[in-house]
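**Student:** Any chance you can model this:
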Amino acid sequence: MNQKLTSSFYFQENVVDLAKNLIGKFLVTNFNGEITSGMIRETEAYAGVTDKASHAYKGKRTKRTEIMYHEGGIAYVYLCYGIHSLFNIVSNRADIPHAILVRAIKPIDGIELMKQRAGKKNIEKNFAIGPGKVSKILGISCQHSGLDLNSDLIWIEDRGLKITSNQIVSTPRIGVAYAGEDALLPYRFVLK
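**Tutor:** The predicted structure is shown next:
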């Protein structure tokens, strides 16, 4: 049975464990009555003020990052390279700016609409791999930043899929070399 994750799921204190626990959950969007969804296959954890790869490192607060300081269960969507909207999940309690980037999904519902959004006729191997692609095919944009993930527009479901630890690989995050030693932390989780 499909069950929308409750707010308490996002209040977990350990952002790394939460990023791992999101593997096998389903990210769902419902825009204009059209549902698209995908099973989450890859995530990255960002541990707030202590994590040099985080937008909130050292307590940085800007108009863009302020949403990270909200209570968990909120969408944090930002523009990368002025092109790609990247979807993140704010976690933990208010004023603890943890976030999890969704990097890849397996398309499940609304595949024709996803192909249309991507301008593709077929689903190729890397169709839903990469955080910019995930947002594009699910219709997520920066205007959705701050949206409650218990809304009827974007949410995450548990559909009863059981993923075990040995099905998940942890690696360093991608594209955060600027973070020095924090770039080497095994905060990226990928379903084998």
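**Student:** For Gly33, list the residues it contacts.
**Tutor:** Residues near Gly33 by C-beta atoms under 8 Å, 6 or more residues apart in numbering: none. For every residue, glycine as well, the C-beta is placed using N, CA and C.
**Student:** Could I get the phi/psi values of it?
**Tutor:** phi 80, psi 10 (degrees, to the nearest 10).
**Student:** gap between it and Ser141?
**Tutor:** 18 Å (C-beta to C-beta, to the nearest Å).
**Student:** Distance check, Leu79 against Gly132.
**Tutor:** Leu79 sits 10 Å away from Gly132, taking C-beta to C-beta as the criterion.
**Student:** for Leu22, same thing?
**Tutor:** Note on Leu22: its distance to Gly132, by C-beta to C-beta, is 18 Å.
**Student:** and the two? which has more neighbours close in?
**Tutor:** Leu22 (25 against 16; other C-beta atoms under 10 Å).
**Student:** List phi and psi for the more buried one.
**Tutor:** Note on Leu22: its backbone torsions stand at phi -80, psi -20 [degrees, to the nearest 10].
**Student:** residues touching the spatially most central residue of the chain, list them.
**Tutor:** By C-alpha atoms, centre = their mean, the mean C-alpha position of the chain lies nearest to Val102, the distance being 2.7 Å. Shown in contact with Val102 (C-beta under 8 Å, 6+ apart): 22, 27, 40, 42-43, 87-89, 131, 134.
**Student:** Let's see which of those end up in strands.
**Tutor:** Judged by DSSP state E, the contacts of Val102 include 27, 40, 42-43, 87-89 as members of strands.
**Student:** Make TSV out of the residues you listed and add neighbour count, distance to Ile67 and pLDDT.
**Tutor:** Formatted as TSV, the ones in strands among the contacts of Val102 follow (neighbours: other C-beta atoms under 10 Å; distance: C-beta to C-beta, whole Å; pLDDT from 0 to 100):
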residue	neighbour count	distance to Ile67	pLDDT
Leu27	24	18	98
Ile40	25	20	98
Glu42	26	22	98
Thr43	28	18	98
Phe87	26	12	98
Asn88	23	9	98
Ile89	27	11	98
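**Student:** and which of these is nearest to Tyr178?
**Tutor:** Using C-beta to C-beta, Asn88 comes nearest to Tyr178 of the ones in strands among the contacts of Val102, at 17.8 Å.
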